[in-house]
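Visitor: pasting a predicted model and its sequence here:
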Amino acid sequence: MEKSSAITINRLTVAYDARPVLWNITASLPKGQLSAIIGPNGAGKSTLIKSMVDFIKPITGTVSFQTDGKNSQSYQEVKDRLAYVPQNTTVDWDFPTTVMDVVLMGRYGKLGWFKRPKKKDREIAKQMLMKVGLPTFADRQISQLSGGQRQRVFLARALAQEADIYIMDEPLSGVDMKTERIIMKLLRELVNEGKSVVVVHHDLQTVEEYFDYVLLINQEVVGAGPVETTFTEELINETYHQDRNLGEVSRSDV
């Protein structure tokens, strides 16, 4: 794996009920950059990042990571150095827990699940709530939050992990412009600190403004590279308008 890569995907194929959703995906996502994964609904964007974090097992292929100067590590070897933010719609927001409890979950990788958070962990959690603009929400039930507030809480949880690599599934979906700007400012700050950030993204209008690197997929890799050379009209059209014919899948994003 190249030193400049944070994540390397090699010949990854994923299927649901024997129907391919991702086919022979090979790509490298660069270290220390803000990368977007884009493609139409049903392209397999969420499936790809779930495969990265071992939520879905591929039929073939591997995903490896580079953190702390070490190459070709598996997810299990780096999971305490990797933060994952799921889609808003996959979370049970009626679960009775507070904002502070959610953010403290980001500390469990360092604590271990059966150890109580210490004063230092609570201070870090408070700092991250301050960063996302919700310092007075610590005791509020998550069920009482708006969509944008919920997304910021999950970002605070990820920040509390103090990870090297951040993988986020549509963190800007359904949020207002204020929240979108807060999130992107924080993600840019992470990159400026040398962290690697990978985001499933849906708004083509903001790709050039927000991201350094882009991976275009529609069940297969259509293009990958720096935004200024890869986010072209030709590749966008190929990504969104070519029928991949890899089998019937749900057209909601998988």
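Guide: Thanks, I have the structure now.
Visitor: quick one: contacts of the helix or strand in which N237 is found?
Guide: Secondary structure from DSSP states H and E places N237 in helix 233-241. Residues outside helix 233-241 that contact it (CB atoms under 8 Å, 6 or more residues apart in numbering): I38, G39, P40, A43, L204, L216, I217, N218, V222, G223. Quick note: C-beta positions are derived from backbone N, CA and C, even for glycine.
Visitor: let's have the residues you listed in JSON lines, adding secondary structure and distance to T179.
Guide: JSON lines is the format used below for those (DSSP: H, G, I helix; E, B strand; the rest coil; distance: CB to CB, whole Å):
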{"residue": "I38", "secondary structure": "strand", "distance to T179": "20"}
{"residue": "G39", "secondary structure": "coil", "distance to T179": "24"}
{"residue": "P40", "secondary structure": "coil", "distance to T179": "24"}
{"residue": "A43", "secondary structure": "coil", "distance to T179": "25"}
{"residue": "L204", "secondary structure": "helix", "distance to T179": "20"}
{"residue": "L216", "secondary structure": "strand", "distance to T179": "26"}
{"residue": "I217", "secondary structure": "strand", "distance to T179": "26"}
{"residue": "N218", "secondary structure": "coil", "distance to T179": "28"}
{"residue": "V222", "secondary structure": "strand", "distance to T179": "30"}
{"residue": "G223", "secondary structure": "strand", "distance to T179": "29"}
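Visitor: how far off centre is the helix holding N237?
Guide: 23 Å (CA atoms, centre = their mean, to the nearest Å).
Visitor: and it, what's its mean pLDDT?
Guide: For helix 233-241, mean pLDDT rounds to 93.
Visitor: now stretch 116-135
Guide: 90.
Visitor: ok, and what's touching it?
Guide: Residues contacting stretch 116-135 (CB under 8 Å, 6+ apart): 99-100, 103-104, 106-107, 110-111, 137-138, 149, 152-153, 155-157, 159-160, 162, 182-183, 186.
Visitor: that's all I had, so thanks and see you.
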